[in-house]
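S.K.: return atomic coordinates for the entry below.
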Amino acid sequence: MALKHLSASLPDATALALSRAERRGFKMAVIGRTAAVMMIAVAYLLSYYFPINIAIFAITAIVAVGGLTALAAIGTRFEKAARFVLFAFDASAVTILLAFVPLSSGGDIPQNLVFMTSSVQHYYLVVAAAVLTLSPPLVLWTGLWAAGGLLFATWWIMSGMDHVVSYNALPISPSRDIYIQTVLDPNFLGIASRLQEALIISLVTAIAALAVHQARRVVKDQAKSEARARRVRTLFGRYVPAPIVRKLIDEGQLAPQTRLATLMFADIKGFTRLSQGMKPAELVEMLNAFFTAITDIVDRNGGVVINYIGDAVLISFNAPLPIEGHADRALTAAEDILAMSESRLFDRRSLRVRIGVATGFISAGTVGTGERQTYTVYGDAVNLAQRLQELNKEMGTNCLVCGMTVAKADAHPSLRSLGQVQIRNRFGSIEVFTPAKAATMADASGA
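M.R.: You can find the predicted model right below:
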């Protein structure tokens, strides 16, 4: 069941998907911030008197449209740098608005009163736009510029003031009049409020970055789950029914495992002589039909086809999926396969099989390189099943079952003991059984 692995590794595929998502998010952020700034420009147009409103509108509109130039960097080596530059520029623009843009074209209005407007809230628009990029570092970068810009604007305004009034000028439990008099003082800066605003911007940024990180983690986990599901379907989709594939995906049975299982090795009698008189296409068509019939029987009995080896097939019961009564299921499947081969023709030809069944501890899992992997099983039971299949030739039987399988199965009166036999390349002898219904004709033909 060897096959090609996924062309791209999971980390590479996920990184590529996230990179594309970041690019799409950056496009959305650029277009979104342009639309948002244009709406702010229109608000300025309606908020200020003519002709100063035209000038402010024009400047703001230029800032809005100018950000679209960042789209030109997409797909170039300057793309990532352009993202950081754009959001640093936007955060700096808000800082300039706070620190340098006068509140009115009229009299000399103290710049510290800018904090009584909603200008600080512009920072949150910039941070929100950065979230669209799905890049935690870029979100943190934007928040850093926003919080730092607010602190800079506060310092700059404070440095130009002869006298600064803040909350520390209030007495304990101030009266209503004293509170209003203090906070409405032209020299009021409210340093504590500015620090609190910078802290809130930082916290909002951290939460937004964490949310983006969690979203990326969900995407990675989902991609990992889907890749694993594809891998299981690729490994087993052609060999086992869909319900079993779903259980393999849900229960994680592909991990390396060691367990007691029953193995079946089935081989077509006289295949070499049979294949000599057939065209390759006819031979393949006949084998496909025969193995399909065997696989249907295996499916009904809860087994899994592990591998097709020429004209032979290796079948496992209790691996990779655990099943109850695996020895009984294997014996039932063996009897059904024998009965099927006796009663059906394939391409007008009668095919007979030799079967070996053995139970024991096996190791199972995927092996191979990243480019080519296969699921397989190892262990003495695997070798014994194949040896028993070969031993059918000498003993004139169609199916041989090891004593361990019989011991693990419920009562099977159809089985009869053939006594102790010596297995090639094994120490000691084992008791073997054969189904009473199996044909016992002598077979001296080679496979």
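S.K.: just the strands in the stretch 1-150 of the chain please.
M.R.: Remark: strands assigned in the stretch 1-150 of the chain by DSSP state E, counting those that start in this stretch are 3-4.
S.K.: how about low-confidence regions in it?
M.R.: Applying pLDDT under 70 to the stretch 1-150 of the chain picks out residues 1-13, 48, 105-107.
S.K.: swap in the stretch 251-400 of the chain?
M.R.: For the stretch 251-400 of the chain, applying pLDDT under 70 flags the ranges 251-255, 368-373.
S.K.: again, only this time at 80
M.R.: Scanning the stretch 251-400 of the chain for pLDDT under 80 picks out the ranges 251-257, 277, 321, 365-375.
S.K.: and the helices in it?
M.R.: 271-276, 280-300, 326-343, 380-395 (DSSP state H, counting those that start in this stretch).
S.K.: how about the stretch 1-150 of the chain?
M.R.: Under DSSP H, counting those that start in this stretch, the stretch 1-150 of the chain gives helices at 10-47, 52-66, 79-99, 122-131, 136-159.
S.K.: among these, which comes closest to Ile191?
M.R.: Closest approach to Ile191 among the helices of the stretch 1-150 of the chain (CB to CB): helix 136-159, 6.9 Å. Placement of C-beta: from N, CA and C, glycine included.
S.K.: how far does the closest one sit from its chain's centre?
M.R.: Centroid separation between helix 136-159 and its chain, computed with CA atoms, centre = their mean, to the nearest Å, is 37 Å.
S.K.: next, the buried residues of it.
M.R.: Using 16 or more other CB atoms under 10 Å as the test for burial, helix 136-159 gives 136, 138-143, 145-151, 153-154, 157.
S.K.: stretch 355-374 too?
M.R.: Within stretch 355-374, the residues that count as buried by 16+ other CB under 10 Å are 355-360, 362, 364-366, 373.
S.K.: top helix in the protein by residue count?
M.R.: helix 191-236 (DSSP state H).
S.K.: tilt between it and helix 136-159?
M.R.: Interaxial angle of helix 191-236 relative to helix 136-159 (axes from the mean of the first three to the mean of the last three CA atoms, to 10 degrees): 170 degrees.
S.K.: what's the local residue count around Ala211?
M.R.: 13 (other CB atoms under 10 Å).
S.K.: and if you look at the one 5 residues further on?
M.R.: Other residues near Arg216 number 17, with proximity taken as other CB under 10 Å.
S.K.: for Thr272, see how far away it is.
M.R.: 58 Å (CB to CB, to the nearest Å).
S.K.: returning to what we had before: in CSV, list the buried residues of stretch 355-374 along with distance to Ala82.
M.R.: Compiled in CSV, the buried residues of stretch 355-374 are given as follows (distance: CB to CB, whole Å):
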residue, distance to Ala82
Ile355, 68
Gly356, 68
Val357, 67
Ala358, 66
Thr359, 66
Gly360, 64
Ile362, 57
Ala364, 52
Gly365, 47
Thr366, 43
Gln373, 41
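S.K.: I'd assumed Phe100 was in contact with Phe152.
M.R.: No - applying CB atoms under 8 Å, one finds Phe152 not in contact with Phe100, separated by 11.1 Å.
S.K.: picking up where we left off before, ranking the helices of the stretch 1-150 of the chain by burial, who's on top?
M.R.: For those, ranked by mean neighbour count under the definition mean count of other CB atoms under 10 Å, the leader is helix 122-131 at a mean of 23.
S.K.: just list what that one packs against, helices and strands only.
M.R.: Helix 122-131 sits against helix 10-47, helix 79-99, helix 136-159, helix 191-236, with contacts defined as 3 or more CB pairs under 8 Å, 6 or more residues apart in numbering; DSSP states H and E.
S.K.: and those helices: which comes nearest Ile423?
M.R.: helix 191-236 (30.6 Å).
S.K.: so which of the buried residues of stretch 355-374 sit within strands?
M.R.: 355-360, 362, 364-366, 373 (DSSP state E).
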